[in-house]
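Undergrad: Generate a structure from the sequence data that follows.
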Amino acid sequence: MTDRCLYIFGIAEGACPPPVAADLETEIYSYQDLHAVVRPADATEFTVHDAVVDGEIPPALADLLVRHDRVVRAVFATHPVLPMRFGVGVADRAELNRFLTERYDGLKAQLAQIHGHAEWGVKWQRKAAPPSPMPPTAATGPTGGRGYLKRRQAQLQAEQAGGRDFRREADQAHRELAALATAIRPVQSPPAGTAGCAYLVARARQQAFLDTAATLNGGLDGRNIQMRLTGPWPPYSFCAQEP
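TA: Residues are numbered from 1 along each chain as shown. Next comes the predicted model:
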């Protein structure tokens, strides 16, 4: 991007452009029934990407992310929308027009896939096990080194069994939810003891999806796994675009 750009929040579809609140300071550029929701911006705003250290998001970047989500959600409330990847823009209106005209058919095809859908996210997390007593050391244990090794082996086996139980419970819940979704996007390389997935769910199946999630969550009481449902979201995980 040049120093000045048109920052693109998303591409909406409809006979009329989407209404967006004035305080969001957006502009609409239309081509046939596609509407690019943009904001004139200084490209250097997005160099804050480089300021992320050890996973900590600086306030300037957090503000931009919140603004991006507010705009996309506002459009999503009234129109099908293909969210753009955060920080993406084009040099000027001519480049934006080329993007809309050259990619028109592909954009329309993707909008057809997500029309009438919303994204729901599910995260499973293994509950922290109660602290196990530390095995006595070989020097102080009542039965010496052999007893210590047996206790340590039993401790490791219990931890491994807990991990297998967690994966089995999460996989079973995922299969039931996936059966109600049009598409899924599993979280790649989740932290240890967690699993997650994004589900693209048609509005016609949304209540069945929510009922199933509630039943699954209720069935986890007393087990070593907890489940968290978020949504509905614009379909970020299924159609993030770049020019």
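Undergrad: Helices along the protein, start to end?
TA: In the chain, the segments counted as helices under DSSP state H are 59-76, 93-102, 104-114, 144-178, 203-218, 236-239.
Undergrad: Where does pLDDT dip in this protein?
TA: Residue ranges of the chain with pLDDT under 70: 1-2, 46-55, 128-164, 222, 240-243.
Undergrad: give me that answer again for 50
TA: For the chain, applying pLDDT under 50 flags the ranges 1, 138-139.
Undergrad: List the buried residues of stretch 29-36.
TA: Across stretch 29-36, burial judged by 16 or more other Cβ atoms under 10 Å covers 29, 31, 34-36. For glycine as for every other residue, the C-beta is placed from the backbone atoms N, C-alpha and C.
Undergrad: which among those gets closest to Ile184?
TA: Using Cβ to Cβ, Leu34 is the member of these that lies nearest Ile184, at 26.8 Å.
Undergrad: out of the helices of the chain, nearest to Ala195?
TA: Nearest to Ala195 among the helices of the chain is helix 144-178 (4.5 Å), distances taken as Cβ to Cβ.
Undergrad: before we move on, back to that, now the buried residues of stretch 29-36 in a markdown table, with distance to Val122?
TA: Shown next, in a markdown table, are the buried residues of stretch 29-36 (distance: Cβ to Cβ, whole Å):
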| residue | distance to Val122 |
| --- | --- |
| Tyr29 | 36 |
| Tyr31 | 36 |
| Leu34 | 31 |
| His35 | 31 |
| Ala36 | 31 |
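Undergrad: Inside strands: which ones of these?
TA: Using DSSP state E, 29, 31, 34-36 are the members of the buried residues of stretch 29-36 that sit in strands.
Undergrad: and which of these is nearest Leu229?
TA: His35 (30.9 Å).
Undergrad: what's the spacing between the closest one and Cys16?
TA: As defined by Cβ to Cβ, to the nearest Å, His35 lies at a distance of 9 Å from Cys16.
Undergrad: re the thing from before, now for the buried residues of stretch 29-36: which two are most distant?
TA: Using Cβ to Cβ, the buried residues of stretch 29-36 reach their maximum pairwise distance at Tyr29 and Leu34, which is 9.3 Å.
Undergrad: Spit out the residues that contact these two alike.
TA: By Cβ atoms under 8 Å, 6 or more residues apart in numbering, Tyr29 and Leu34 have these common neighbours: Leu100.
Undergrad: got the end-to-end distance for stretch 10-22?
TA: In stretch 10-22, first residue to last residue: 17 Å (Cα to Cα, to the nearest Å).
Undergrad: Revised request: answer the last question for stretch 70-83.
TA: Stretch 70-83 has an end-to-end distance of 12 Å (criterion: Cα to Cα).
Undergrad: now stretch 192-211
TA: Terminal residues of stretch 192-211 lie 28 Å apart, using Cα to Cα.
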